[in-house]
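Engineer: what would the 3D arrangement of this be:
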Amino acid sequence: MNAEALRAVVDARALRAAVNARLPLADSLFDEIRAASVAEAGVTRPAWSAEDQFASDRIADAAAALGLEAAYDHAGNFYCTLPGRDRNAPAVLTGSHTDSVPTGGHYDGLAGAVAGLVALAAFRDIGWQPARDVTALATRAEESVWFGIPFIGARLALGSLSHNHLDSLRRSDTGRTLAEHMAALDLDADALRREAAPRLSLANACAFLELHIEQGPVLVAEGAQVAVPTVIRGNVRWPGARCLGRYDHSGATPRDHRQDTVLAAAELVQRLEAFWIAREESGEPDTVFTVGKFFTDGAHHAMTKVPGRCDFTLNFGGTSQAFLDACRAEVEARAAEIAARRRVAFDLGECVGAPPAPLDESLRAVLEESAALLEIPTRRFATVGHDAAVFQRAGIPAAMVLVRNAHGSHNPDESMALEDFGAGAAVLAAAIARLAA
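Structural biologist: Numbers count the residues shown, from 1 in each chain. Modelled structure (predicted):
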């Protein structure tokens, strides 16, 4: 595909102007949804909550006002569709999630859900009808913080999550099950259980494109608005690790008699950081390592006690399965070595994770060529977990557009300029036009 082929589908300048003309609609949706989910810092939109539902409902209201087809599935994912000339052809999908982390940023997920609506509105405004349906989604529970696992709404739509989870998963802030939270929003979990086939599959969807804010600093540092990521990092994680030793008097116990769990766990973390640095220096691309939690037992710790228990988490990410396998082996080996030498025990708990998800090369080319036609420079680099990963793993080709975002993500200071959102939405719309022609 080349620029001439894109021009034959739709007038790129007219499409970008139409997207820009719909930015006030996006801005209004962002403001209204923020006001309904504001927290003591940032925003909080728990999955399957009133705040989460309000976000989907406001997008649904806007879709109805535009004359688009609108529907919810039994899991509460929202779909708005611009009908194509051939209603039986597999649709082009776009969208993202509406939930946020607690006291998090406003645009994480929501930007992509609104961008899909903006693209469909722009198509309507220039009088362009696709050859196949184009459907914009607003998915549920992408964030793992609420039910312990990510991408729940998308996975339910794709049939890649067992319905047993409806009764086994409990929301972290309420203790109520997923099915109970769905029922509170008048969603029918039993109807979801009875579905003979998933709502989305390769039979009715040919591609999924997701716009999302970049959650790191690369675009800001490089002065660029948009990136087309190459791969979604996989990860290997220990969410419930702990070190067990013995509580002793801090002033009376010599070093060689101690079973100090903090020093043992701290040594493990330091050794794992050294491993991470060595792998980076050897040329391993796009790796991350995080210790998100590290704490002693508040019921027993004291300044004058040798700590007998230390809890922590470990989280490695990378773009190759070989690296993730090496991380797992390194954690287990170093924990065993340190435990023997320091006379403590490491209980690493369950090891969980996800494989890397290379994004579809042909769709990435469509996005990059669409950006070039719009004279919007792009960057390439790896990104983190998003709904696009589960579409790709389910066999529906997926790719992404990342939009510049200052101050990182998963924090109240997350920031996205409307102009940057417009650039990303224009690239998204131009690519959708090519795929749906």
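Engineer: how near is Ala333 to Glu281?
Structural biologist: Taking Cβ to Cβ, to the nearest Å as the measure, Ala333 falls 20 Å from Glu281. Every C-beta, even on glycine, is put in place using the N, C-alpha and C of the backbone.
Engineer: neighbour count: those two, which is higher?
Structural biologist: Ala333 (12 against 8; other Cβ atoms under 10 Å).
Engineer: that's a strand at that one, yeah?
Structural biologist: No. Counting by DSSP: H, G, I helix; E, B strand; the rest coil, Ala333 is not part of a strand but helix.
Engineer: give me the distance between it and Leu272.
Structural biologist: 11 Å.
Engineer: try Leu428
Structural biologist: From Leu428 to Leu272 the distance is 38 Å (Cβ to Cβ).
Engineer: now Arg194
Structural biologist: Counting by Cβ to Cβ, the gap from Arg194 to Leu272 is 46 Å.
Engineer: what of Thr319?
Structural biologist: For Thr319, the distance to Leu272 - Cβ to Cβ - is 19 Å.
Engineer: pull out the buried positions in the helix or strand containing Phe421.
Structural biologist: Following DSSP states H and E, one finds Phe421 within helix 418-436. Neighbour-count burial for helix 418-436 flags 420-436 (criterion: 16 or more other Cβ atoms under 10 Å).
Engineer: return the set of buried residues in stretch 160-176.
Structural biologist: 160-161, 163, 165-166, 169-171.
Engineer: which of those residues fall within helices?
Structural biologist: 165-166 (DSSP state H).
Engineer: for the buried residues of stretch 160-176, which one is nearest Phe78?
Structural biologist: Leu161 (18.1 Å; Cβ to Cβ).
Engineer: could you check how far the spatially closest residue to that closest one that is not a sequence neighbour is from Trp238?
Structural biologist: Excluding the flanking residues, the one nearest Leu161 by Cβ to Cβ, 6 or more residues apart in numbering is Arg155, at 3.7 Å. Distance of Arg155 to Trp238, computed by Cβ to Cβ: 22 Å.
Engineer: care to break this structure down by domain?
Structural biologist: 3-233+356-436, 234-354 (automatic domain parsing).
Engineer: what average pLDDT does stretch 166-186 get?
Structural biologist: In this model, stretch 166-186 has a mean pLDDT of 95.
Engineer: likewise for stretch 426-437?
Structural biologist: Mean predicted confidence for stretch 426-437 is 96.
Engineer: what's it in contact with?
Structural biologist: 1, 5-6, 9-10, 12, 15-16, 19-20, 84, 92, 94, 115-116, 118-119, 122-123, 128, 130-134, 206-207, 209, 211, 226, 363, 366-367, 370-371, 373-374, 376, 378, 401 (Cβ atoms under 8 Å, 6 or more residues apart in numbering).
Engineer: recalculate using a threshold of 6 Å.
Structural biologist: 6, 9-10, 12, 15-16, 19, 92, 115, 119, 122, 130-132, 134, 207, 211, 226, 366-367, 370-371, 374, 376, 401 (Cβ atoms under 6 Å, 6 or more residues apart in numbering).
Engineer: now the buried members of these.
Structural biologist: 6, 9-10, 12, 15-16, 19, 92, 115, 119, 122, 130, 132, 134, 207, 211, 226, 366-367, 370-371, 374, 376, 401.
Engineer: for Ile396, grab the count of nearby residues.
Structural biologist: With other Cβ under 10 Å as criterion, Ile396 counts 21.
Engineer: can you pull the contacts of it?
Structural biologist: Ile396 neighbours (Cβ under 6 Å, 6+ apart): 202, 205, 208.
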